[in-house]
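Enquirer: Okay, sequence plus prediction incoming.
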Amino acid sequence: MAQYPPEFQAKMQNLIHRRHFLNDCRIGLGGMALASLGDTLAPNQALAGMEPEPFGPHFAPKAKTVIFLFMAGGPSQLELFEPKPTLNKLAGQITPDSFTKGKRFAFLKPNAKLLGTKEKFQKYGQCGMDLSGHLPFHREIVDDICWLRGMKTDVFNHGPAKGFINTGSPQFGRPSMGSWLSYGLGSESKDLPAFIVLQSGPRGPRGGAAHWSSGFLPTRHQGVPFLKGNTPILDLAPPQGRSRTDESRFYETVKGLNEIRERETGDPEIATRVAAYEMAFRMQATAPDLVDIHGESPLTLKRYGVESGKPSYAMNCLLARRLVERGVRFIQLYHTDWDHHGGPLDLADSLTKICREVDQPTTALIQDLKLRGLLDSTLVVWGGEFGRTPMGESRETIGRDHHIDAYTMWMAGGGIKPGLLYGKSDEIGYNVIENQMHVHDLQATMLHQLGLDHKRLTYRFQGRDYRLTDVHGEVVHKILA
């Protein structure tokens, strides 16, 4: 600093002293400020850098793992699961004001007309579930599934609605469900993240990484998206010419430097960084084996509809089963292109295309888990962010708008009653008239099956305790086995 004027040198020296005092002095103002936050932080988070261990379950869990098959865009319950003869009779009439008054839609006009369905439905299984011809493989698993035909949500636009079901809030920045489970339970796998995201379809879901973000939870709990193909994570393989021993030395050196820095600063994110390096090092050995499906039998590949070397929803369903076997806590599959407002293809043709992509693999996943004795401990959830309106929307062809007041999802395994039809909508499929299940109720019930009380799984942030279900949600005990 000798080349600078004395006045500047004095200011810089003073700045260095103050920075050292605030950041590095353990009994300085920084330390005293941190100590004063002890009452506002969670009891086992008062000291920075000391991230708590997972709580563990509040009570005996029925499930250990979740597979969430997320149909991004909003599948039409009216074309897939809900035959409505009255809606077909009233097709072409303007929807009565009593239904639409005070309601908001994404695109529909007030004079939108009711749209009937052309699909042929038939009842299947001992439960008598209605399925259309779009889902022929689902007929084989109807009695393994709990059908939630009275779902309701609060948000009618895609990005916020996806955020609502995944994080409990339409505003970005909250932790996702998988992050809450990682925070509350940790992972049974030492070599893979607790929360993994697999994607298929023509694009990613609207809102993207916000739906698997850790929000204000420590970043080690965020979802890890796997890429399509044989290299699921970029830069996972060591550089050419570097051995496993070289990588181990590099990791230990970086770990040591990070630990020194953590002791000096008390920054909890450094502990996360250390854990990320450690996980990446272990995954160099485990991830290639995970995506190598050559050990799967030809019959298994045929059942799922997997084409070797071709990324697809079918491949992701098979990977989901393999991840369950390796102890991953929360596995989320996003399959996009369920948003059928009316485009180049009409509603029936659009659904035929996408149902062909998901029907067989989804059925194979349930059957495979059951055959291997994994379904009882794996909670499988299928559905999107909302459903579709009984009214038609005219674009290039006739489609349906987003509908939040009555739609269908399903759950299987993990202590859920199989072969149960729960919930009912009115004669045109507009409102739930029996056994409504709100998104927050779904979240509370999912956590319950993993041994977590949704009211007790909290994290203190900015002066208050947050939870996945906000201040809402009730466990739906009627659907529990």
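Expert: The structure has been received and is ready for your questions. Numbers count the residues shown, from 1 in each chain.

Enquirer: Show me where the stretch 101-250 of the chain has its strands.
Expert: Using DSSP state E, counting those that start in this stretch, the strands assigned to the stretch 101-250 of the chain run over residues 121-124, 129-132, 145-152, 195-200, 224-226.

Enquirer: Same list, these, but as JSON lines with distance to residue 95 and mean pLDDT please.
Expert: Heads up, the C-betas are built off the backbone N, CA and C, glycines and all. Converted to JSON lines, those look like this (distance: least, Cβ to Cβ, whole Å; pLDDT from 0 to 100):
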{"stretch": "strand 121-124", "distance to residue 95": "22", "mean pLDDT": "98"}
{"stretch": "strand 129-132", "distance to residue 95": "23", "mean pLDDT": "98"}
{"stretch": "strand 145-152", "distance to residue 95": "18", "mean pLDDT": "98"}
{"stretch": "strand 195-200", "distance to residue 95": "35", "mean pLDDT": "96"}
{"stretch": "strand 224-226", "distance to residue 95": "40", "mean pLDDT": "93"}
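
Enquirer: Please export the C-alpha coordinates of stretch 141-153 as PDB.
Expert: The C-alpha trace of stretch 141-153 is given here as PDB (Å, rounded to 0.1, in the frame of the first residue of the first chain):
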ATOM      1  CA  ILE A 141     -53.700 -51.300 -11.300                       C
ATOM      2  CA  VAL A 142     -57.000 -49.700 -10.400                       C
ATOM      3  CA  ASP A 143     -57.300 -51.700  -7.200                       C
ATOM      4  CA  ASP A 144     -53.800 -50.800  -6.100                       C
ATOM      5  CA  ILE A 145     -54.700 -47.100  -6.200                       C
ATOM      6  CA  CYS A 146     -56.600 -44.600  -4.000                       C
ATOM      7  CA  TRP A 147     -58.400 -42.300  -6.400                       C
ATOM      8  CA  LEU A 148     -58.700 -38.700  -5.200                       C
ATOM      9  CA  ARG A 149     -61.600 -37.400  -7.200                       C
ATOM     10  CA  GLY A 150     -62.300 -34.300  -5.100                       C
ATOM     11  CA  MET A 151     -59.100 -32.400  -5.300                       C
ATOM     12  CA  LYS A 152     -59.000 -28.600  -4.900                       C
ATOM     13  CA  THR A 153     -56.300 -26.000  -5.200                       C
END
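
Enquirer: Please identify the buried residues of stretch 357-372?
Expert: Across stretch 357-372, burial judged by 16 or more other Cβ atoms under 10 Å covers 357-370.

Enquirer: Identify the bridge partners of residue 461.
Expert: Beta-bridge partners of residue 461, counted by DSSP bridges, are residue 464.

Enquirer: ok, it to residue 467 distance?
Expert: Residue 461 sits at a distance of 11 Å from residue 467 (criterion: Cβ to Cβ, to the nearest Å).

Enquirer: Those two: which has the busier surroundings?
Expert: Summary of the neighbour comparison: residue 461 and residue 467, criterion other Cβ atoms under 10 Å, with residue 467 having more neighbours (22 against 16).

Enquirer: wait, what's in contact with that one?
Expert: For residue 467, the contact set (Cβ atoms under 8 Å, 6 or more residues apart in numbering) comprises 168, 454-455, 457-459.

Enquirer: What's the separation between it and residue 161?
Expert: 20 Å.

Enquirer: And residue 139, by the same measure?
Expert: According to Cβ to Cβ, residue 139 and residue 161 sit 29 Å apart.

Enquirer: shouldn't residue 79 be in contact with residue 347?
Expert: Yes. Checked against Cβ atoms under 8 Å, the pair residue 79 and residue 347 is within contact range at 6.6 Å.

Enquirer: nearest residue to residue 71 other than its sequence neighbours?
Expert: Counting by Cβ to Cβ, 6 or more residues apart in numbering, the nearest residue to residue 71 once its immediate chain neighbours are dropped is residue 384, at 4.2 Å.

Enquirer: For residue 156, see how far away that neighbour is.
Expert: Taking Cβ to Cβ, one finds residue 384 at 13 Å from residue 156.

Enquirer: When those two are compared, which one has more neighbours?
Expert: It is residue 384, of residue 384 and residue 156, that has more neighbours when counted by other Cβ under 10 Å, with 30 against 22.

Enquirer: related to what we said a few turns ago, would you mind telling me which of residue 139 and residue 161 has the busier surroundings?
Expert: When residue 139 and residue 161 are compared for neighbours, residue 161 comes out ahead with 24 against 16, by other Cβ under 10 Å.

Enquirer: Run through the residues that contact that one.
Expert: Counting by Cβ under 8 Å, 6+ apart, residue 161 touches 74, 153, 155, 170, 385-386, 402, 404.

Enquirer: Swap in 10 Å and give it another go.
Expert: The contact partners of residue 161, taken as Cβ atoms under 10 Å, 6 or more residues apart in numbering, are 74, 106, 153-155, 170, 206-207, 384-386, 402, 404, 439.

Enquirer: Next one: it from residue 92, what distance?
Expert: As for residue 161, its distance to residue 92 is 29 Å (criterion: Cβ to Cβ).

Enquirer: worst-scoring helix or strand of this protein, pLDDT-wise?
Expert: When the helices and strands of the chain are compared on mean pLDDT, DSSP states H and E, helix 29-36 comes out lowest with a mean of 37.

Enquirer: right, and residue 379 touches residue 366 too?
Expert: No. The pair residue 379 / residue 366 is not scored as a contact, 11.8 Å apart, by Cβ atoms under 10 Å.

Enquirer: picking that back up, quick check: mean pLDDT across the following helix or strand past the least confident helix or strand of the chain?
Expert: Once helix 29-36 ends, the next helix or strand along the chain (criterion: DSSP states H and E) is strand 65-71. This predicted structure assigns strand 65-71 an average pLDDT of 98.

Enquirer: mind checking how far whichever helix or strand comes after strand 65-71 is from the chain centre?
Expert: Taking DSSP H and E as the definition, the helix or strand that follows strand 65-71 towards the C-terminus is helix 77-80. Centroid separation for helix 77-80 versus its chain: 23 Å, with Cα atoms, centre = their mean, to the nearest Å.
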